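Colleague: Sharing a model that was predicted from the sequence below.
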Amino acid sequence: MYFGFLSCTEACPASIGVVQAAYKQLTDEERDNVQFLFISVDPERDSLEDLYDFGDYYDNDLLALTGTKEEIDKVTSDYGVFFELTDLEGSALGYTVDHSSRFYMIDKQGKLFTTMSHSTTPSELAARIKQLQNMESTSS
């Protein structure tokens, strides 16, 4: 799971690239047991249609969604995600969103397994995905 926004020019595109490269290191079976969620913390600008198109671009490997301010506040609080709107004086955008740039790995029960920094490599992310899947398959 990754929290960001579609107008992000640095952290979000780089992180999505890491996820895509990590997915290529997984087998078909491993990919079938992973769902990557991109949660927009900017529902004011990120429409459901734009998020659908964004997710669709990645061949359904990525589910992009958002919610109400209350829903976003709840899920970001649950996982310890930082974000805040910051005014951009003189910019056509009006504001940006400062946010933590981390990968949140969640198990099938919805519990946080681990977080990984934005500097995580695709190989490191793929290895953690495999580790979580192995743990879940041995505990079943």
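Modeller: Received it, and whenever you're ready, just let me know what you need.
Colleague: Which elements pack onto the longest helix seen in the chain?
Modeller: For the chain, the helix with the greatest residue count under DSSP state H is helix 122-139. Under the contact definition 3 or more CB pairs under 8 Å, 6 or more residues apart in numbering; DSSP states H and E, helix 122-139 sits against helix 11-24, helix 28-32, strand 102-106, strand 112-117. Every residue, glycine included, has its C-beta placed from N, CA and C.
Colleague: Adjacent strands (with direction) for the lowest-mean-pLDDT helix or strand in the chain?
Modeller: Every helix and strand of the chain was ranked by mean pLDDT, DSSP states H and E. The lowest is strand 95-99, at a mean of 80. Here strand 95-99 is paired, per DSSP bridges, with strand 83-87 (antiparallel).
Colleague: list the contacts for Asp78?
Modeller: Not one residue lies near Asp78 by CB atoms under 8 Å, 6 or more residues apart in numbering.
Colleague: now do the one 4 residues further on
Modeller: Shown in contact with Phe82 (CB under 8 Å, 6+ apart): 76, 98-100.
Colleague: which of those residues has the most neighbours?
Modeller: Within the contacts of Phe82, most neighbours by other CB atoms under 10 Å means His99, with 21 neighbours.
Colleague: who's it bridged to?
Modeller: Beta-bridge partners, per DSSP bridges, of His99: Phe83.
Colleague: The closest residue to Met116 other than its chain neighbours: what's it in contact with?
Modeller: Spatially, and ignoring its direct neighbours in sequence, Met116 is nearest to Phe103 (4.4 Å; CB to CB, 6 or more residues apart in numbering). Applying CB under 8 Å, 6+ apart to Phe103 gives the contacts 1-2, 15, 18-19, 115-117, 120, 125.
Colleague: With Met1 instead?
Modeller: Taking CB under 8 Å, 6+ apart, we find Met1 in contact with 36-39, 79, 103-106.
Colleague: and the least confident of the residues you listed?
Modeller: Ranked by pLDDT, the contacts of Met1 bottom out at Tyr79, which has 90.
Colleague: Which pLDDT does the model give Glu89?
Modeller: 75.
Colleague: what number of residues lie near it?
Modeller: That count, for Glu89 with other CB under 10 Å as the rule, works out to 6.
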